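**Student:** Fold the following, please.
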Amino acid sequence: MKRVIVDANILIRAMLGVNVLSKLERHRDSVQFLTSETAYTELERHLPRITCLEH
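**Tutor:** Numbers count the residues shown, from 1 in each chain. Below you'll find the predicted structure:
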């Protein structure tokens, strides 16, 4: 099984539904997606501001 490191940008795009989530789901049986605690920290820091800009 392949391993792919997912950074904060990909996590944000997946949460905002920018075509990334469907691609991650399509490959979930053949790819192990990994991320770091730092990426989650970035996500928590930036996502509230980004979602405010979206609306």
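**Student:** gap between the residue most central in space within the chain and Arg3?
**Tutor:** For the chain, the residue nearest the mean C-alpha position is Leu11 (1.4 Å; C-alpha atoms, centre = their mean). Taking C-beta to C-beta, to the nearest Å as the measure, Leu11 and Arg3 are separated by 16 Å. No exception for glycine: its C-beta is placed from N, CA and C like everyone else's.
**Student:** one step back: please tell me how far the residue nearest to the centre of the chain sits from Pro48.
**Tutor:** From Leu11 to Pro48 the distance is 14 Å (C-beta to C-beta).
**Student:** now Gln8: how far from Leu21?
**Tutor:** For the record, residue 8 is Ala, not Gln. 15 Å.
**Student:** Against which helices or strands is the helix or strand in which Leu43 is found packed?
**Tutor:** Taking DSSP states H and E as the criterion, Leu43 maps to helix 37-54. The contact analysis (3 or more C-beta pairs under 8 Å, 6 or more residues apart in numbering; DSSP states H and E) places helix 37-54 against helix 8-15.
**Student:** pLDDT of the helix it packs on, averaged?
**Tutor:** Regarding helix 8-15, the rounded mean pLDDT is 88.
**Student:** same check, this time on stretch 34-49
**Tutor:** Rounded to a whole number, the mean pLDDT of stretch 34-49 is 91.
**Student:** Between Ala8 and Leu21, which is the more surrounded one?
**Tutor:** Ala8 (19 against 14; other C-beta atoms under 10 Å).
**Student:** give me every residue that touches the more buried one.
**Tutor:** Residues counted as contacts of Ala8 (C-beta atoms under 8 Å, 6 or more residues apart in numbering) are 38-40, 42-43, 46.
**Student:** now do 7 Å
**Tutor:** 39, 42-43 (C-beta atoms under 7 Å, 6 or more residues apart in numbering).
**Student:** Would you reformat those as a markdown table and include neighbour count and distance to Asp29?
**Tutor:** Putting the contacts of Ala8 into a markdown table (neighbours: other C-beta atoms under 10 Å; distance: C-beta to C-beta, whole Å) gives the following:
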| residue | neighbour count | distance to Asp29 |
| --- | --- | --- |
| Ala39 | 18 | 23 |
| Glu42 | 16 | 27 |
| Leu43 | 20 | 24 |
